[in-house]
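Engineer: sequence first, then the predicted structure:
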Amino acid sequence: MSLKIFITENFTRKSQLMSDKEYQNLNRKLDAGLQLAHQRMLEEKALHNETVVVSNAEGKIEYISAKEVLTLY
């Protein structure tokens, strides 16, 4: 079983595993952790003058400087 499947299975059974308050708290912690990881990744790429791949409004792939992305945040 992959990690993704394990997490999905556990979240779909949340009512059996944790209260709504605990579930919301876990979601907040996961969101905060993902945002921090994203920020750190952008900072590391900017330090090395690297680009990141993003999707524009039309869904087309673009390569943008990590420094530019950081200025947009």
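Structural biologist: Looks like it came in fine. Not measured: the values here are computed from a predicted model.
Engineer: you'd agree residue 49 is in a strand?
Structural biologist: No. Per DSSP: H, G, I helix; E, B strand; the rest coil, residue 49 lies outside any strand segment and is coil.
Engineer: that one contacts residue 68, correct?
Structural biologist: No. Residue 49 lies out of contact with residue 68 (Cβ atoms under 8 Å); the separation is 11.2 Å. Where you see a C-beta, it was placed from the backbone N, CA and C, and this is true even at glycine.
Engineer: how far away is the residue minimising distance to the centre of the chain from residue 68?
Structural biologist: By Cα atoms, centre = their mean, the chain has its centre lying nearest to residue 34, at 4.1 Å. When distance is defined by Cβ to Cβ, to the nearest Å, residue 34 is 21 Å away from residue 68.
Engineer: just give me the neighbour total for residue 68.
Structural biologist: Residues lying near residue 68 (other Cβ atoms under 10 Å) number 11.
Engineer: what lies in contact with the helix or strand containing it?
Structural biologist: For residue 68, the element it lies in under DSSP states H and E is helix 66-72. Applying Cβ atoms under 8 Å, 6 or more residues apart in numbering, the external contacts of helix 66-72 come out as 42, 43, 45, 46, 49, 50, 51, 52, 54.
Engineer: contacting residues for the fifth one?
Structural biologist: Spelled out, that is residue 49. Residues counted as contacts of residue 49 (Cβ under 8 Å, 6+ apart) are 65, 66, 67.
Engineer: what's around residue 66, how many residues?
Structural biologist: Neighbours of residue 66 using other Cβ under 10 Å come to 19.
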